[in-house]
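Visitor: Kindly generate the corresponding structure for this input.
(chains A and B)
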Number of protein chains: 2
Amino acid sequence: MKIYVIGIGLIGGSMALDIKSLHPEATIYGIDTNEIHLAEALALGVIDAAATFDDLAAADFVIVSVPVDVALAVLPKVLDHIGENTIVFEVGSTKTPICEAVVNHPRRRNFIATHPIAGTEFSGPSAAIRGLFEGKTNIICEVEKTTFKLQEKALELFKSMGMRIRYMDPKSHDKHIAYVSHLSHISAFMLGKTVIDKEKDEQDIFDMAGSGFESTVRLAKSSPAMWTPIFKQNKKQVVKGLEEYISNLSNFKELLENDNYDAIFNEMQGVNRIREILNGMNSKK
Amino acid sequence: MKIYVIGIGLIGGSMALDIKSLHPEATIYGIDTNEIHLAEALALGVIDAAATFDDLAAADFVIVSVPVDVALAVLPKVLDHIGENTIVFEVGSTKTPICEAVVNHPRRRNFIATHPIAGTEFSGPSAAIRGLFEGKTNIICEVEKTTFKLQEKALELFKSMGMRIRYMDPKSHDKHIAYVSHLSHISAFMLGKTVIDKEKDEQDIFDMAGSGFESTVRLAKSSPAMWTPIFKQNKKQVVKGLEEYISNLSNFKELLENDNYDAIFNEMQGVNRIREILNGMNSKK
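Guide: Alright, predicted model coming up:
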C-alpha cells in the first residue's frame, strides 16, 4: 500500500504514524514545500521517503494536510495527478471552500472531504503523535459525491484509527465548528493578549497564574500560519460568533457595573450544564 | 496540634488532608453551616470531628476557607474567639476587603492574609485532594501586620505543603489576580454560554467539540456561589479587565471584517509568547 502525505505536520504526521502501525507493509511518502519539515519527518521515521506530485498516479491514499488556503490550490493539482483508484482526503478545519474548489473536477469522485476533530496546540512533524485520532470524531462532508468503493476504503481506514464518523453538509460543518473550535481559539488568543499587555513584567503572570489560566489560554499557543486562513475562509460565521460572544461579555460587564449579582449568579449557574456536555464528550472517548 | 477548618470545601478540605499526612498527631476539627458537607467531610475522613466557634480558644491553626463574602463576617467572629497563640489564615481570591475587615481588630496580629493559587473547577469536601498545593504559589499580604512568631508557624506549614511564598500588598494582589484568574473565569463562562445558546441541540457540541473547546471552557464548571462574591469584591478591577478583553476581541473582529489578515497573523504571533510564559509556570511546579 502506498500512502502519500502532503504537508507532514501534526495531523498528516499523526495519520502517517497510525497507518504505519496498522499497515506495516505500507510505504509512507511525504510531499512538503518545507525542506526542514521533510528532513525532520524522515529523521523521525514519520515518513519513509520524499516524493513529488508526479508519483501520485501510483497512490492508494493521498492525505492533504496543509493550511486551508494552500489546500484550495493543492487539492485540484493532486486530483490532476492521481490514478483511477486513488482516494484523496483533506483534513482542514473549514469544508465549504474546499468542496467548492473541486466541485467540477473530473476526479471529484476520488475525493472525500473530512475533518478529524483532533489535534494539539503544537505543529510540525515533531508534534505528530501515534493514536491521536482514537475516540475522536471525523466529520465527513458530501459523502455522496465520492465513489462508493473509495468511500468504503477511506471509512475503513478512519475506523481502524478509532474515529467515530459523522456526516454533515459543508455549510453546517463550518457554522458549528466556528462556535466549538474557531471561537475558542480567538477567545484564548485575546485573553492571552489582554493579560500580557497588562502584565509588563512577566514574573507577575509567572507567579500568580494558576492551572485555570493555563487551561483557558492554552490554544493561544496555536500556529498563526494555520489559523489565519481558517478565520479568513470561515469569516462570516466567525464574525457572527464573535459578535455573540462580545455581546455576552458586555452584558456580564453591565450586570457587574449595575451590581446585579443575582443575575450574575444565574448566568453562571445556567452555563454550569457545560459539565454534563463535557462529561458526555469524555464518555465518548 | 489542634486545627480548625471553617468551610470544608476544596481548599479547606485539601489543606486538612495535607496537614493529616504531615502531622499525624494533629486533630482536625470542622466548622461548616452546611450540615451535609460536615457529614460528608467526617465520612471521607477529611476532618476528625465537628466543632463550634466556642472551641476556637484552644486552636493552634484556624483556616477560614469560605466564600469571600461570608469571610468578611466570619473572620472577625473567629478573631473574637481565638486564643493568644492561635494563628488564623483566610484563603480567598480577593485580599483588600478581608484585610480592611479586620484592620482594627485587637487580634489582627493573629491573622495572616493568604491566597494559595491552587484549585480545580470542583467544590465541596469530595473535591478535596491531598498534595493540591505542591509547587503552587501562596501570595501573602500585609505580612508585617502578623506577629512574627505566628508568621513563622504559618510559613512553616505552607512550605511543608510544598508552596512557594510571595509577598504582595492587597491592592496589587487584587489587580493582578483579576487578570490571571477572575477574567479567565468570565471568559470561559461566556464562551460556554455563547456556544450553548447557539447549539440548541447539545449533540452538535457533543460530536464536534474537541479537546481545545474543553480546555477553554473548563472553568465554566466553577461554582457560582463561590465566584459571584469574588466578582463583587473585585468589581473595579474585573470590569477594567473585561473592558480591555472586549476591546481586544472587538479589534480582532474588525480586522477580520476588513480582511486585514496580515494584522490578524501578527496579533496571534505576538500572543504566541504565552508558550514561554506557561513553560515558565510549569518549570516552577
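
Visitor: Stretch A:139-152: which residues count as buried?
Guide: Across stretch A:139-152, burial judged by 16 or more other C-beta atoms under 10 Å in any protein chain shown covers A:139-143, A:146-147, A:150-151. The C-beta positions use only the backbone N, C-alpha and C, and glycine is treated the same way.

Visitor: typo on my end, it should be stretch A:52-63
Guide: In stretch A:52-63, counting by 16+ other C-beta under 10 Å, buried: A:53, A:56, A:59-63.

Visitor: With pLDDT as extra columns, can I get those in JSON lines?
Guide: Below are the buried residues of stretch A:52-63 laid out as JSON lines (pLDDT from 0 to 100):
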{"residue": "A:53", "pLDDT": "97"}
{"residue": "A:56", "pLDDT": "98"}
{"residue": "A:59", "pLDDT": "98"}
{"residue": "A:60", "pLDDT": "98"}
{"residue": "A:61", "pLDDT": "98"}
{"residue": "A:62", "pLDDT": "98"}
{"residue": "A:63", "pLDDT": "98"}
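
Visitor: any weak-confidence spans in the stretch 101-250 of chain A?
Guide: Residue ranges of the stretch 101-250 of chain A with pLDDT under 70: A:201-206.

Visitor: Could you pick out the longest helix of chain A?
Guide: What stands out as the longest helix in chain A, according to DSSP state H, is helix A:235-257.

Visitor: Widest-spaced pair of the buried residues of stretch A:52-63?
Guide: Maximum pairwise distance in these, criterion C-beta to C-beta, is 16.0 Å, between A:53 and A:60.

Visitor: so how far is residue A:229 from the residue at minimal distance from the centre of chain A?
Guide: For chain A, residue A:93 is the residue whose C-alpha lies nearest the centre (C-alpha atoms, centre = their mean; 4.6 Å). For residue A:93, the distance to residue A:229 (C-beta to C-beta, to the nearest Å) stands at 9 Å.

Visitor: likewise residue A:54?
Guide: When residue A:54 is compared with residue A:229 (using C-beta to C-beta), they lie 27 Å apart.

Visitor: just residue A:223 next, same as before
Guide: Applying C-beta to C-beta, one obtains 11 Å for the distance of residue A:223 from residue A:229.

Visitor: Of the two, which one has the most company?
Guide: Remark: of residue A:223 and residue A:229, residue A:229 carries more neighbours, 24 against 18, as counted by other C-beta atoms under 10 Å in any protein chain shown.

Visitor: For the closest residue in space to residue A:44 that isn't next to it in sequence, give its distance to residue A:37.
Guide: What sits nearest to residue A:44 in space, not counting adjacent residues and going by C-beta to C-beta, 6 or more residues apart in numbering or on different chains, is residue A:125, at 5.8 Å. Distance, residue A:125 to residue A:37, using C-beta to C-beta: 5 Å.

Visitor: More neighbours: these two, which one.
Guide: Per other C-beta under 10 Å, whichever of residue A:125 and residue A:37 has more neighbours is residue A:125, with 27 against 21.

Visitor: Next up, the contacts around that one.
Guide: Residue A:125 makes contact with A:8-9, A:13, A:37, A:40-41, A:44, A:46 under the criterion C-beta atoms under 8 Å, 6 or more residues apart in numbering or on different chains.

Visitor: rerun that using 6 Å as the cut-off
Guide: A:8, A:13, A:37, A:40-41, A:44, A:46 (C-beta atoms under 6 Å, 6 or more residues apart in numbering or on different chains).

Visitor: And the residues you listed, which is closest to residue B:80?
Guide: Closest to residue B:80, out of all of the contacts of residue A:125 and judged by C-beta to C-beta, is residue A:13, at 64.6 Å.

Visitor: Counting neighbours, what do you get for the closest one?
Guide: 31.

Visitor: would it count as being in a helix?
Guide: Yes - applying DSSP: H, G, I helix; E, B strand; the rest coil, one finds residue A:13 inside a helix.

Visitor: Is residue A:40 within a helix or a strand, and which one?
Guide: helix A:35-43 (DSSP states H and E).

Visitor: Average the pLDDT values over that helix and round to the nearest integer.
Guide: Mean per-residue pLDDT for helix A:35-43: 96.

Visitor: Check what contacts that helix and list those residues.
Guide: For helix A:35-43, with C-beta under 6 Å, 6+ apart as the criterion, the contacting residues are A:8, A:30, A:32, A:47, A:50, A:125.

Visitor: which of the residues you listed has the most neighbours?
Guide: residue A:8 (32 neighbours).

Visitor: residues in contact with that one?
Guide: Residue A:8 sits in contact with A:30, A:32, A:37, A:41, A:125, where contact means C-beta under 6 Å, 6+ apart.

Visitor: now swap in residue A:19 and tell me
Guide: Residues counted as contacts of residue A:19 (C-beta under 6 Å, 6+ apart) are A:3, A:26.

Visitor: Would you mind listing what in the stretch 1-150 of chain A touches chain B?
Guide: By C-beta under 6 Å from any C-beta of the partner chain, the residues of the stretch 1-150 of chain A that approach chain B are A:117, A:137.

Visitor: again, only this time at 8 Å
Guide: A:117-121, A:136-137, A:139 (C-beta under 8 Å from any C-beta of the partner chain).

Visitor: Need the max-distance pair from those residues.
Guide: A:121 and A:139 (20.5 Å).

Visitor: Closest one of the buried residues of stretch A:139-152 to residue B:86?
Guide: Using C-beta to C-beta, those come closest to residue B:86 at residue A:139, 60.3 Å.

Visitor: hmm, back to that, please flag which of the buried residues of stretch A:52-63 sit within strands.
Guide: A:61-63 (DSSP state E).

Visitor: Reformat these as a markdown table; add distance to residue B:236.
Guide: Formatted as a markdown table, these follow (distance: C-beta to C-beta, whole Å):
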| residue | distance to residue B:236 |
| --- | --- |
| A:61 | 58 |
| A:62 | 57 |
| A:63 | 53 |
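
Visitor: Show me which of the residues you listed is closest to residue A:192.
Guide: Nearest to residue A:192 among these is residue A:63, at 31.3 Å by C-beta to C-beta.

Visitor: in whichever helix or strand residue A:277 is part of, what counts as buried?
Guide: If you go by DSSP H and E, residue A:277 is part of helix A:274-284. Buried residues in helix A:274-284, counted by 16+ other C-beta under 10 Å: A:274-275, A:277-278, A:281.

Visitor: before we move on, what about stretch A:28-37?
Guide: Across stretch A:28-37, burial judged by 16+ other C-beta under 10 Å covers A:28-32, A:37.

Visitor: ditto for stretch A:251-271
Guide: Within stretch A:251-271, the residues scored as buried using 16+ other C-beta under 10 Å are A:252-253, A:255-256, A:261, A:263-265, A:267-268, A:271.

Visitor: The residues you listed also near chain B: which ones?
Guide: Within the buried residues of stretch A:251-271, those near chain B by C-beta under 8 Å from any C-beta are A:252-253, A:256, A:261, A:264-265, A:267-268, A:271.

Visitor: out of the contacts of helix A:35-43, who's nearest chain B?
Guide: Closest to chain B out of the contacts of helix A:35-43 is residue A:125 (18.2 Å), distances taken as C-beta to the nearest C-beta.

Visitor: Domains in chain A, by residue range?
Guide: A:2-169, A:172-284 (automatic domain parsing).

Visitor: re earlier: can you get me a residue count around the closest residue to the residue nearest to the centre of chain A other than its chain neighbours?
Guide: Spatial nearest neighbour of residue A:93, chain neighbours left out: residue A:230 (4.9 Å); criterion: C-beta to C-beta, 6+ apart. Residue A:230 has 23 neighbours, counted by other C-beta under 10 Å.

Visitor: Please consider this matter closed, and thank you.
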